[in-house]
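1. Give the three-dimensional model of this entry:
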Amino acid sequence: STLGQSYAAQFYDLSRLTRFPGAMLELGRFCLAPDQHDPDILRLAWAAMTRMVDAAGVGLLFGCSSFAGVDPAPHAGALAGLSARVAPESWRPGPRAPERIALCDLGPAQPTPLPALLRTYLSMGGWVSDHAVIDRQLDTLHVLTGVEIAAIPAARARALRLIAAESVG
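-> Prediction:
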């Protein structure tokens, strides 16, 4: 499918990404049942994703990273903190959804935790949109998140590839 037909394109103007010089892979929502705490679940998911990225020569992972509920107040600190991690201008997603919150419009707030998966993407050099979308259908707020494969720290990339190699078979 084309970039304009991606799930994220419903909520974000992704036209700047058409100039990205490599293959892209959209990641769908990744959810675990609240009572599932087995670390192997995430390890196997990362292993499978690493194998897909390497096999297809993917240069950019992108998708929506969600916060629970549509009320921004409980997440104001986390969302405001994301303004320092906004995508470079050349790839920055534009607004499309009618209900959204500009990260720069959020004033100082008590720090609040980021969702674990978003924290992981950011630790790999990821970036986010400059606004969050209010998605009433899924009862979430979300930011478009991108991870350029070339920006992943070398030690993290080696660890992911090791996990991917160990999980085959």
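
2. use CA for all of it now, contacts and neighbours both
-> Fine.

3. Could you list the buried residues of stretch 63-70?
-> Judged by neighbour count (16 or more other Cα atoms under 10 Å), stretch 63-70 contains these buried residues: 63-67, 69-70.

4. Which secondary structure element of this protein has the lowest mean pLDDT?
-> Taking mean pLDDT, DSSP states H and E as the measure, the chain has helix 39-56 as its least confident helix or strand, at a mean of 89.

5. Kindly indicate which of the buried residues of stretch 63-70 lies nearest Ser167.
-> Out of the buried residues of stretch 63-70, the one with the shortest distance to Ser167 is Gly63. That distance is 24.5 Å, counting by Cα to Cα.

6. Neighbouring strands - and their directions - for the biggest strand by length in the chain?
-> What stands out as the longest strand in the chain, according to DSSP state E, is strand 58-68. When pairs are called by DSSP bridges, strand 58-68 turns out to pair with strand 23-26 (parallel), strand 140-148 (antiparallel).

7. just checking, next helix/strand downstream of it?
-> On the C-terminal side of strand 58-68, the nearest following helix or strand under DSSP states H and E is helix 76-81.

8. rewinding a little: quick one: which of the strands paired with strand 58-68 is nearest Ala154?
-> Judging the strands paired with strand 58-68 by Cα to Cα, what sits closest to Ala154 is strand 140-148, at 12.7 Å.

9. and the residue nearest to the spatial centre of the chain, what are its bridge partners?
-> Compute the mean C-alpha point of the chain, and by Cα atoms, centre = their mean the closest residue is Thr145, 3.1 Å away. Residues found in beta-bridge contact with Thr145 (criterion: DSSP bridges) are Gly63, Val128.

10. Thanks again, I'm all set now.
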